[in-house]
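S.K.: Model the structure of this input:
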Amino acid sequence: MNATVQNVFQSKFGFHPCDKETYLKLKVIHKVYWESVFRLAAWNRWNRKHPQNRVQRFAGRGPDGKRISLVPPVPLPEPKLPPFVVKLDHHKVVKTHVGDCKQYKGPIYDLNWQTAKLDPSIFAAVDDFQKARNPLVESQVKPLSLSPDKIDALYQKSQEWLRG
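M.R.: Numbering: from 1, shown residues only. The predicted model follows:
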């Protein structure tokens, strides 16, 4: 994290480490951060299921009151991930051995899977949003850890994702 020297800005409630325009940019980034957290959880729920179980089933009640399927299952698409989520591909070769034998004589499995996590660059912006949000006494104001250029880049990324 880059600690940059920034001015202290005064509002009617106290002092802040950034002006209102920068605060509003950090607010948008913070919103997209929480949207990323929720979308990442939805993607993890989707990813945990086997492909044949990634479907949505519609059921109703028949004339005798028993539950029946109304239409065939509809496949669920992969949830869209925001720009601050990084997908990682993993590959592992597993050799197995049979019984008490120390040599690998069993089948060999190729395991491929994906995981996703949040990009670490977003955490500094969330921390800066919390710093800028609360008014303080002038002597207690700490500078933002991100430079204005980095905040602008994250803001542009967030705006592009929010638009579409």
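S.K.: show me the contacts for the residue nearest the centre of the chain.
M.R.: Centre of the chain computed as the mean C-alpha position; nearest residue by C-alpha atoms, centre = their mean is Ser36, 3.4 Å away. By C-beta atoms under 8 Å, 6 or more residues apart in numbering, Ser36 lies in contact with 81-82, 84-85, 118, 122. For glycine as for every other residue, the C-beta is placed from the backbone atoms N, C-alpha and C.
S.K.: Of those - the most surrounded one?
M.R.: Phe84 (25 neighbours; other C-beta atoms under 10 Å).
S.K.: ok, now how distant is it from Arg163?
M.R.: 16 Å (C-beta to C-beta, to the nearest Å).
S.K.: for Gly60, same thing?
M.R.: 39 Å.
S.K.: which intervals of the protein have sub-threshold pLDDT?
M.R.: Applying pLDDT under 70 to the chain flags residues 1-6, 12, 97-107.
S.K.: any idea where the helices of it begin and end?
M.R.: 20-48, 121-133, 148-163 (DSSP state H).
S.K.: Show me which residues of the last one are buried.
M.R.: Of the residues in helix 148-163, 150-151, 154-155, 157-158, 161 count as buried by neighbour count, 16 or more other C-beta atoms under 10 Å.
S.K.: quick check, nearest of those to Phe129?
M.R.: Ile151 (9.9 Å; C-beta to C-beta).
S.K.: Enumerate every residue touching that closest one.
M.R.: 22, 25-26, 29, 125, 128, 144.
S.K.: By neighbour count, which of those residues wins?
M.R.: Asp128 (27 neighbours).
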